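# fold the stuff below for me.
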Amino acid sequence: MSPDAPASILRVEHLTKRFGNITAVDDISLQIYPDEKTAIIGPNGAGKTTFTDLVSGSLPSTRGTIRFDQEDVTDLSEYQRARRGLVRSFQSPQLFEGLSVLENVLMGITTRHRRNGQFTTPVAWTHGLEAEAASVLARFGLSEHEHASVASLPYGVQKVLDIAITFVLDPALALFDEPTSGVSSTDKHGIMRLVTDSVANSDVALVFIEHDMELVREYADRVVALHNGRILNDGDPEDVLTSDVVVEAIRDQLEPVADHVSTGDRTVRRLPTVQHLQTPIRASLSTDAHVLSLVEALHPTPAVGGLPPDEALRTIRETETFDRGWYAAPVGWIDAAGDGTFAVAIRSAVAEPGRATLFAGDGIVADSDPDREWDELQLKYRPILDQLE
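Numbering: from 1, shown residues only. The predicted structure follows:
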């Protein structure tokens with residue numbers, strides 16, 4: 001880390017949680033920084049909620065350390081961590097259903113004052129705290145529900161109240177377990193805007209679990225993908241999500257011809273002018289197969305052909321009215337037994353007398369920035385240009 005880089009607000013090292021013979025979180029190490037919005041994604045059973053349980057203190061870890069704001073909090077209770085500013089919101093709102101909306105917010109404000117050593121008197125309760133509570137209700141659009149009991153509120157309004165109380169507690173790090181869970185599709189963006197607007201222009205770090213990839217693309221600065229309790233990928237949302245889509249599509253393409261398909265750890269392959277995410281995928285075939293049958297099953301790969309395959313290929317044929325040569329073609333060798341090795345030609349050119357047309361690929365998705373993608377493409381042209389020059 002450079003001398004000017006900000007210190008992490010959260011640092012976990014070798015965090016592990018076992019339930020008997022099941023390892024739910026497996027040797028996770030990562031850092032979270034102030035003013036960062038991190039989405040944690042992964043399939044059911046990937047370890048997402050268990051990880052947030054460990055960080056917040058609602059579950060003890062089997063192994064590893066958790067440091068919050070440079071302090072080792074591994075052995076501290078959930079309450080002690082919350083007092084230090086590590087605040088967690090659960091998938092289902094944790095509210096006092098027998099109290100009103102105003103009273104719930106007042107409870108949160110009082111908790112924060114006690115955490116800071118500020119003990120309120122009845123006069124302060126009547127004047128100062130109620131004024132702050134009214135301001136909070138207005139900020140989160142809850143004023144009309146001020147005197148309604150929580151039990152009478154629609155679920156979506158309860159979610160908003162839960163979010164409001166989370167930020168009333170003045171977190172340095174706010175953990176949200178699926179903040180849009182159970183909310184209608186039309187309200188999801190509104191919920192996420194409330195969450196992200198609440199940390200805007202501040203140093204508050206936000207970590208949220210989310211299954212809706214559209215929301216992840218729009219509201220996260222960083223994505224951590226978990227699989228089988230381990231970090232599968234960690235980085236820019238577009239890079240992580242595009243890579244995960246490609247890996248899952250290749251797994252699906254191999255399923256019909258394989259007894260078992262597995263993925264290894266994702267790493268970064270660094271080349272002189274560009275770097276790539278790479279994930280090893282291994283398959284045990286159900287029967288002996290000619291290498292060309294596997295090429296047929298896998299070609300074209302999603303990284304160069306797009307998804308869904310039929311629609312993407314139709315679009316390519318309609319849009320590209322020129323000869324792309326061997327670009328995206330399988331290139332390799334076969335022996336007499338039908339064994340062989342093939343790769344995808346992703347750096348190529350069509351050479352003609354006095355002219356060469358270069359081809360390189362780029363992962364275009366719905367939220368891609370054209371200028372950024374174009375700059376990335378220039379780096380991919382570099383190996384061919386170096387040879388031509």
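# now the residue nearest to the spatial centre of the chain, nearest residue through space, not along the chain?
When Cα atoms, centre = their mean is applied to the chain, the residue found nearest the centroid is Val223 (3.0 Å). Once flanking residues are discounted, Val223 sits nearest to Val240: 4.1 Å by Cβ to Cβ, 6 or more residues apart in numbering. C-beta coordinates here come from the backbone N, C-alpha and C atoms, glycine included.
# for the one you found, give me phi and psi.
phi -70, psi -50 (degrees, to the nearest 10).
# pLDDT-wise, which helix or strand of this structure ranks last?
helix 122-124 (a mean of 45; mean pLDDT, DSSP states H and E).
# ok, the residue nearest to the centre of the chain touching Met213?
No: the pair Val223 and Met213 fails to qualify as a contact (Cβ atoms under 8 Å) at a distance of 9.3 Å.
# got any residues that touch both of these two?
The contact sets of Val223 and Met213 overlap at Ile41, Leu241 (Cβ atoms under 8 Å, 6 or more residues apart in numbering).
# so where's the stretch 1-150 of the chain uncertain?
Within the stretch 1-150 of the chain, the segments meeting pLDDT under 70 span 1-6, 91-93, 114-128.
# quick one: the residue nearest to Pro280 when sequence neighbours are not counted from Arg282, how far?
When the adjacent residues along the chain are set aside, Pro280 lies closest to Gly264, with 3.8 Å between them (Cβ to Cβ, 6+ apart). Here Gly264 is placed at a distance of 7 Å from Arg282 (Cβ to Cβ, to the nearest Å).
# domains of the protein?
What automatic domain parsing lists as the domains of the chain is 10-237, 259-388.
# out of those domains, flag the one nearest Val246.
Among the domains of the chain, domain 259-388 comes nearest to Val246, with 4.7 Å by Cβ to Cβ.
# what is the end-to-end distance of that closest one?
Length of domain 259-388, first residue to last, Cα to Cα, to the nearest Å: 45 Å.
# what's the answer for stretch 59-75, then?
10 Å.
# now do stretch 333-342
7 Å.
# any buried residues in it, and which?
Neighbour-count burial for stretch 333-342 flags Phe342 (criterion: 16 or more other Cβ atoms under 10 Å).
# what's in contact with that stretch?
Residues outside stretch 333-342 that contact it (Cβ under 8 Å, 6+ apart): Ala289, His290, Val291, Leu292, Val295, Pro330, Val331, Gly332.
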